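1. okay, here's the prediction I keep looking at, along with the sequence it came from:
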Amino acid sequence: MIAAYAGYLAGEYNVAADIYNHASCSTISSAVQNVCTDTRLGYTEGLSMTVAQATSLLNTVVSSIKSAVTLNGCGMVSGMSTVTFPPNGTGTLG
């Protein structure tokens, strides 16, 4: 379940990033559909992971999201780029 949540988190973040960047409706729609895909992919990969491995995956996703957000001098979001799940680049781009 931890790995599934990692996929869900990456997918939901990508929806927010696309909305923030004023992406087209079709791009946002695709990102919404990818939330389910990324969650399912995380769940499937998580079946063969230990708790420590799944937690590491979740931590990597959180780190990727932190790196994908740019803050201005006042600490407000000034940019968001999408992240890849799984982080090793073999999964879907949300």
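-> That came through, no problem.
2. and the top helix by length along the chain, how far from the chain's centre?
-> Across the chain, the longest stretch assigned as helix under DSSP state H is helix 25-46. Distance, stretch centre to chain centre, for helix 25-46: 9 Å (Cα atoms, centre = their mean, to the nearest Å).
3. so where do the helices sit in the chain?
-> All helices of the chain, identified by DSSP H, fall at 2-20, 25-46, 51-68.
4. what's the second one packed up against?
-> I take that to be helix 25-46. helix 2-20, helix 51-68 (3 or more Cβ pairs under 8 Å, 6 or more residues apart in numbering; DSSP states H and E). Placement of C-beta: from N, CA and C, glycine included.
5. nearest to Cys36, out of the ones you listed?
-> Closest to Cys36 of the helices and strands packed on helix 25-46 is helix 2-20 (Cβ to Cβ; 7.5 Å).
6. contacts for the closest one, please.
-> 27-28, 31-32, 34-43, 45-46, 49, 51, 54-55, 57-58, 60-62, 64-65, 68, 77, 80-86, 91, 93-94 (Cβ atoms under 8 Å, 6 or more residues apart in numbering).
7. which among the residues you listed count as buried?
-> The neighbour-count criterion (16 or more other Cβ atoms under 10 Å) marks 27-28, 31, 34-35, 37-39, 41-43, 45-46, 54, 57-58, 60-61, 64-65, 68, 80, 82-86, 91, 94 among the contacts of helix 2-20 as buried.
8. can you report how many residues neighbour Gly75?
-> 7 (other Cβ atoms under 10 Å).
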